[in-house]
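*Asks:* Quick one: sequence plus predicted model below, questions after.
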Amino acid sequence: MPMWMNYAINRVRRTVMRPVHQFYESLLDLEVRRGLKPQHLGIVLDGNRRFARQNRMSHVVKGHQYGAEKLWEMLRWSHDMGIRVITIWIFSLDNFNREEDEVNGLFKLIEDKTLAWLKDPEIYEKRVRFRYSGRTELLPDSLQAAIRKAEEETAEHNDFILNIAIAYGGREEITDAFRRYMEEGQEKGLSLEEMKENISPEELGQHMYTSGLPEPDLIIRTSGELRLSGFLLWQSAYSEYYFTDVLWPDFRRIDFLRALRSYNKRKRRFGK
C-alpha cells in the first residue's frame, strides 16, 4: 500500500474514532477525580529517540523537542488534577556516553526551554517552583546558569513543584548523600563513632537531593521498558509503579488518566 494511502486511512480512522475516545476520556476523568490521587508523581520520560526514528526525523534531538512540548501538557494535566509535586528524569549520568552531537543538542534544548518557561506568565500564575536534582556541576556553564536562574526566580513559589532530575543517577544520589552526611559530621566535630551512632534512614534522607519533598506515590515510565534504571532508588521504596508501551511524545491525557486510575485501584500497605 502506498504511504500516502496508509496515511489517509489512518487519518480517517482517527477522525471517526475521535468522539468515542473523547467520551471514554470524559468517563475516565470522572472516575479519577473521585479517587485518591498521588501527592508526588515521578515520571521517566522515555522514548524520545525512538519516536524520532519511527517518524524518520532528521535527528534524534527532534524527538526530544516533541518530548519537551509533551512535558508542558503533562504539567497542566497534573495541576488540573491537584497533583502538586512532579519529579521528571530528563538526563541520566549514563546519557553522557551518547553521541556528542545528541548530548550537546539536548543540553541546548533544555537550556532554551528553561529560559522560555521563565518568560511564561503561567509559571507565575500557578506559582511553579523549579528544583534540580543531580550532579549539575557536570553540565555546561550556560546550562548551569539557566538552572540557577530558574531556581532563584521561583524560589518563593510553593503551589506546584517541578523537580528535574538531570545529570542524575540513583546510586550516585545515595553516595552523595552519605558523603554530605560525613562532611556535616566533620564540620560539627563529631568522631567516626559518633557519626556511626547517629546515622539512620531518616538522617540520611535529609541529605538526598529531594530533601523536603514527599516521597513519590506513583512512578510512571513510558516506552515499554519494565525497569526504573536507578530513578529515585532511595525514595521509591513504597512507590507504586505504572509502565506503559506508549513513547513519551505520544503520551496522551487518556494515558495519564489510565495511570491515575490504576493508582486508585492499588491498596498501599507501605511494607505492612
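*Replies:* Perfect, I can see it now.
*Asks:* what kind of secondary structure is the residue nearest the centre of the chain in?
*Replies:* The chain has I88 as the residue nearest its centroid, 1.2 Å off, counting by Cα atoms, centre = their mean. The local conformation at I88, judged by DSSP: H, G, I helix; E, B strand; the rest coil, is strand.
*Asks:* Who are the contact partners of the residue nearest to it when sequence neighbours are not counted?
*Replies:* Sequence neighbours aside, I43 is the residue nearest to I88 in space, at 5.0 Å (criterion: Cβ to Cβ, 6 or more residues apart in numbering). In short, each C-beta sits where N, CA and C put it, glycine included. The contact partners of I43, taken as Cβ atoms under 8 Å, 6 or more residues apart in numbering, are M74, I86, T87, I88, W89, I219, I220, R221, T222.
*Asks:* Apply 10 Å and report the result again.
*Replies:* Neighbouring residues of I43 by Cβ atoms under 10 Å, 6 or more residues apart in numbering: 71, 74, 78, 86-90, 165, 216, 218-222, 231, 242, 248, 251, 256, 259.
*Asks:* For it, give me phi and psi.
*Replies:* Dihedral angles of I43 (phi, psi; degrees, to the nearest 10) stand at phi -140, psi 130.
*Asks:* With R261 as the reference, measure out to it.
*Replies:* 16 Å (Cβ to Cβ, to the nearest Å).
*Asks:* Also L162?
*Replies:* Taking Cβ to Cβ as the measure, L162 falls 23 Å from R261.
*Asks:* So these two - more neighbours on which side?
*Replies:* L162 (21 against 15; other Cβ atoms under 10 Å).
*Asks:* give me the low-pLDDT residue ranges for the chain?
*Replies:* 1-17 (pLDDT under 70).
*Asks:* what about the helices in it?
*Replies:* Using DSSP state H, the helices of the chain run over 3-34, 48-54, 60-80, 100-117, 121-125, 141-153, 170-187, 192-198, 201-205, 253-264.
*Asks:* wait, which of those helices is closest to A237?
*Replies:* helix 201-205 (9.2 Å; Cβ to Cβ).
*Asks:* quick revisit: what about the helices of the chain, which gets the closest to R227?
*Replies:* Closest of the helices of the chain to R227 is helix 170-187, at 11.5 Å (criterion: Cβ to Cβ).
*Asks:* Packing partners of that closest one?
*Replies:* strand 85-92, helix 192-198, helix 201-205 (3 or more Cβ pairs under 10 Å, 6 or more residues apart in numbering; DSSP states H and E).
*Asks:* which residues sit against the last one?
*Replies:* Looking back up the chat, that one is helix 201-205. Helix 201-205 is contacted by residues 174, 177-178, 180-181, 184-185, 195, 211, 215, 234-235, 237 when judged by Cβ under 10 Å, 6+ apart.
*Asks:* Most neighbours among the residues you listed, which one is it?
*Replies:* Neighbour counts for those, by other Cβ under 10 Å, peak at Q235, which reaches 22 neighbours.
*Asks:* Enumerate every residue touching D217.
*Replies:* So D217 contacts 36-42, 83, 85, 236, 238-240, 263, 266, 268 (Cβ under 10 Å, 6+ apart).
*Asks:* I meant S223, not that one.
*Replies:* Applying Cβ under 10 Å, 6+ apart to S223 gives the contacts 44-51, 243-251.
*Asks:* What separation do you get for E152 and T210?
*Replies:* Relative to T210, and taking Cβ to Cβ, E152 is found at 19 Å.
*Asks:* What of E151?
*Replies:* Going from E151 to T210 by Cβ to Cβ gives 14 Å.
*Asks:* So for those two, which sits in the more crowded spot?
*Replies:* Using other Cβ under 10 Å as the criterion, E151 and T210 rank with T210 on top: 22 against 15.
*Asks:* quick one: that one and G170 touch, right?
*Replies:* No: at 11.3 Å, T210 does not count as touching G170 under the criterion of Cβ atoms under 10 Å.
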